[in-house]
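In: Kindly return the folded structure for what I paste below:
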Amino acid sequence: MKTENTRNTVLFIVCTIAILILYQVFVMGPQAERQRAAQIAAAEQTAGTAAVSADGAPAAAPQISFVGDRTEALGTVARVPVRTPTLQGSLSLQGGRIDDLFLTRYRETQDDGAPPVELFRPQGMEHAYFAQFGWAGPNIPGGVPGPNTVWRLTGGTTLAPSTPVTLTWDNGQGLRFTRLIEIDEQYMFTVTDTVANLGTAPVVIAPYGRIERQGVPADLGKNQILHEGGIGTFSKGDGYVTTQLKYGDWVKKPREQFESVGGWLGITDKYWMAALIPPQSETIQAEFRVTDASTYNIHEARILGEARTINPGRQITEVQHLFAGAKRNEILSAYEKQYDLPRFIYAIDWGFLFFLTRPIFLLVEFFYGLVGNFGVAILLLTLSIKLIMFPLANKSYESLSKMRKLQPHMEKIKEQHKDDPQAQQKATMELYQREKINPLAGCLPILVQIPVFYALYKVLFVTIEMRHAPFIAWIRDLSAPDPTNIWNLFGLIPWDPASAPLIGSLLGGGPSGGFTLGLSVLAIFYGFTMWLQTAMNPPAPDPIQRKIFAFMPVIFTFIMAVFPAGLLVYWAWNNILSIAQQYFIMNRFGAENPIDDFIARFKKAPA
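Out: Residues are numbered from 1 along each chain as shown. Take a look at the predicted model:
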């Protein structure tokens with residue numbers, strides 16, 4: 001019997017260790033990562049024209065200083081308003097920077113009156129974030145337009161999908177620069193730069209684009225399950241490879257360079273991204289750079305195009321694009337097709353199980369299109385997965401039902417051979433063979449569910465479609481934990497448990513802690529379904545194992561309480577479907593089960 005107990009213990013470990021590892025990686029790990037404090041401010045660069053580094057790329061500004069809040073920063077230079085169905089803000093005529101953008105279809109929180117999500121922030125504010133385009137070239141008489149160059153607005157008044165704007169600048173030495181800026185209904189800017197040589201000597205010049213983030217806000221770069229930082233797709237051999245550079249690694253590698261034909265690069269957050277898109281037939285020099293990491297921590301993603309010669313009386317034109325917006329799957333996919341962009345949909349961090357994560361997302365989105373509710377879509381996804389796994393689960397539950405029905409025979413074998421473990425083991429195996437039972441079959445459905453569990457968690461965590469997606473009643477955001485709490489009777493008492501002295505972080509629950517005592521309605525319901533499913537399985541032969549298995553639903557209730565509500569909806573509904581399937585099979589085989597026992601006790605209870 002000792003050998004059988006050992007095998008059962010191994011089965012227990014196999015069935016639970018993967019979920020425990022997921023908990024450690026996705027909940028405890030992010031909490032242990034050190035907090036990154038923002039240290040830098042932004043200000044006007046002091047040079048009148050762009051400095052040029054040894055490789056011909058525009059150099060970063062050497063000094064930074066504050067000028068004040070957003071209103072003050074915006075008021076220091078002339079601006080052109082930006083108005084689209086999805087974006088609102090302005091661009092600066094000084095430097096031609098696109099540096100003031102809000103995403104009007106998304107709010108910072110679900111509270112009434114919450115401000116729209118900020119994407120770009122003008123120079124002069126802490127954590128300034130912007131995009132800039134221009135030309136680089138050494139020893140050009142009169143220079144090229146730099147970060148402090150003031151352009152003239154010569155066409156249009158407001159940048160909108162139907163009204164582009166035109167900027168011009170003349171260097172006074174025979175070069176005239178014209179910039180046409182267009183924008184579509186979503187998040188794509190088109191920047192068409194033209195340089196005309198009106199002088200008497202040829203000029204060698206190269207186009208560039210850069211995205212600059214001056215410092216990293218404290219709430220970015222802390223999650224292990226998703227990528228935030230530099231991202232780009234570059235040509236390699238006959239294909240393209242996507243490169244990700246987390247903020248922590250970026251600082252350790254302050255200059256990462258790539259040569260590519262086409263591709264794209266930028267800076268991504270969880271839901272939002274700014275990306276430079278060069279002409280896809282042009283050879284570019286791409287670079288991720290960190291400047292003055294110890295003080296200002298300036299992160300740049302930049303592109304330098306091919307150098308070209310402009311002969312007197314001639315002109316050249318360069319068309320670049322800037323994506324600045326939300327990483328919605330259908331929008332990225334449409335741009336990927338429209339501009340022939342390699343792997344643009346992988347701006348969304350689908351993870352190493354992308355072959356599961358993205359199909360699961362597409363299936364959820366398909367169901368959402370039918371029912372109009374992502375919570376119901378998750379229920380339909382769960383049902384679909386159960387139907388696919390129905391034959392495997394059926395065999396598993398048949399084995400479990402037979403084992404439960406054979407418990408009296410197992411106890412009899414144990415009594416007959418209580419002093420001979422080898423004989424006990426042999427008799428048990430003969431019984432399994434005679435009854436055609438596979439004792440390992442019970443773990444198979446759980447093991448198969450683990451990759452699906454991870455993929456759905458990834459979908460809930462990284463896709464903007466799930467952000468602030470409501471389900472029913474109090475569940476207003478499937479991507480966040482259930483906000484109800486047992487310590488205030490699920491909202492009946494007007495008190496926030498998180499405000500309790502000393503233990504508020506434990507009682508409050510929510511996404512900030514790796515462990516919580518503040519169980520929600522969904523967590524408790526999930527725990528009940530897990531307990532019932534465990535109770536329907538045959539009891540372990542060893543008393544210690546029985547106690548461990550009986551306690552596991554309690555442990556996992558607390559573990560799962562901090563996970564997104566959508567994941568608890570999936571897992572609890574999956575448990576309900578499994579219980580229904582197992583109950584039907586147990587009745588078919590005449591095996592005892594706790595549901596029938598409860599019904600029988602209820603019927604016998606005195607009126």
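In: how close does Asn593 get to Leu532?
Out: Computed with C-beta to C-beta, to the nearest Å, the distance linking Asn593 and Leu532 is 10 Å. All C-beta atoms are positioned from the backbone trio N, CA, C, and that covers glycine.
In: burial count for the closest residue to Leu167 other than its chain neighbours?
Out: Nearest residue to Leu167, sequence neighbours excluded (C-beta to C-beta, 6 or more residues apart in numbering): Trp151, at 4.0 Å. When neighbours are counted by other C-beta atoms under 10 Å, Trp151 registers 21.
In: Trp151 is in contact with Pro145, isn't it?
Out: Yes - taking C-beta atoms under 8 Å as the definition, Trp151 is a contact partner of Pro145 at 6.9 Å.
In: any common contacting residues for the two?
Out: 96, 169 (C-beta atoms under 8 Å, 6 or more residues apart in numbering).
In: what's the burial count for Ala136?
Out: With other C-beta under 10 Å as criterion, Ala136 counts 23.
In: Next, the residue nearest to Leu167: phi, psi?
Out: phi -80, psi 160 (degrees, to the nearest 10).
In: contacting residues for Leu198?
Out: 174-176, 312-313.
In: so which of those residues is the most crowded?
Out: Of all the contacts of Leu198, the highest neighbour tally under other C-beta under 10 Å goes to Leu175, namely 25 neighbours.
In: so that residue bridges to which residues?
Out: Note on Leu175: beta-bridge partners by DSSP bridges are Asn197.
In: Check the gap between it and Lys414 for me.
Out: From Leu175 to Lys414 the distance is 94 Å (C-beta to C-beta).
In: now the helix or strand Ile211 falls within: mean pLDDT?
Out: Per DSSP states H and E: Ile211 is located in strand 203-214. For strand 203-214, mean pLDDT rounds to 95.
In: Can you spell out which helices and strands pack onto that strand?
Out: Packed against strand 203-214 by the contact rule (3 or more C-beta pairs under 8 Å, 6 or more residues apart in numbering; DSSP states H and E) you find strand 129-136, strand 188-197, strand 264-268, strand 272-277, strand 298-304, strand 308-310, strand 315-326.
In: which stretches of the stretch 1-150 of the chain aren't confidently modelled?
Out: Residues of the stretch 1-150 of the chain meeting the criterion pLDDT under 70: 1-68.
In: got the residue ranges for the helices in it?
Out: 2-23, 29-32, 70-75 (DSSP state H, counting those that start in this stretch).
In: And stretch 414-421, what's buried?
Out: For stretch 414-421, the buried set under the neighbour-count rule, 16 or more other C-beta atoms under 10 Å, comprises His417.
In: and it, how far out from the chain's middle?
Out: 55 Å (C-alpha atoms, centre = their mean, to the nearest Å).
In: And that stretch, end to end?
Out: 9 Å (C-alpha to C-alpha, to the nearest Å).
In: Quick check, Pro497 in contact with Ser520.
Out: No - the pair Pro497 / Ser520 is not scored as a contact, 11.3 Å apart, by C-beta under 8 Å.
In: Give me the more crowded residue out of the two.
Out: Per other C-beta under 10 Å, whichever of Pro497 and Ser520 has more neighbours is Ser520, with 26 against 21.
In: quick one, phi psi at the residue nearest to the more buried one when sequence neighbours are not counted?
Out: Beyond its immediate neighbours in the sequence, the residue positioned closest to Ser520 (C-beta to C-beta, 6+ apart) is Asp482, lying 3.6 Å away. Per-residue torsions, Asp482: phi -60, psi 120 (degrees, to the nearest 10).
In: List the contacts of Thr243.
Out: Contacts of Thr243 by C-beta under 8 Å, 6+ apart are 230-234, 256, 258.
In: still on that earlier bit, so the residue nearest to Ser520 touches Ile475, yeah?
Out: Yes - assessed by C-beta under 8 Å, Asp482 is found in contact with Ile475 at 6.4 Å.
In: Mind listing the shared neighbours of these two?
Out: 522, 565.
In: more crowded one of those two?
Out: With neighbours defined as other C-beta under 10 Å, Asp482 and Ile475 compare such that Asp482 has more, 30 against 22.
In: Just give me the closest of the contacts of Thr243 to Leu431.
Out: Among the contacts of Thr243, Ile231 lies closest to Leu431 (C-beta to C-beta), at 57.8 Å.
In: Give me the three-state assignment for the closest one.
Out: strand (DSSP: H, G, I helix; E, B strand; the rest coil).
In: Hmm, it is touching Asp269, no?
Out: No - between Ile231 and Asp269 there is no contact under C-beta under 8 Å: 10.3 Å.
In: These two - which one has more neighbours?
Out: Set Ile231 next to Asp269 and count neighbours by other C-beta under 10 Å: Ile231 wins out with 23 against 20.
In: For that one, report the pLDDT, please.
Out: Here, the pLDDT recorded for Ile231 equals 97.
In: Ala500 too?
Out: Looking at Ala500, the pLDDT reads 85.
In: Then Arg434?
Out: 76.
In: and the strand or helix carrying it, what does it pack onto?
Out: For Arg434, the host element (DSSP H and E) is helix 421-435. If contacts are counted by 3+ C-beta pairs under 8 Å, 6+ apart, helix 421-435 sits against helix 2-23, helix 407-416.
In: Nearest residue to the middle of this structure?
Out: Val462 (2.3 Å; C-alpha atoms, centre = their mean).
In: Enumerate the beta-bridge partners assigned to Thr192.
Out: Using DSSP bridges, the beta-bridge partners of Thr192 come out as Leu180, Val319.
In: Pretty sure it sits against Thr317.
Out: Yes - contact criterion C-beta under 8 Å: Thr192 and Thr317 qualify, at 6.3 Å.
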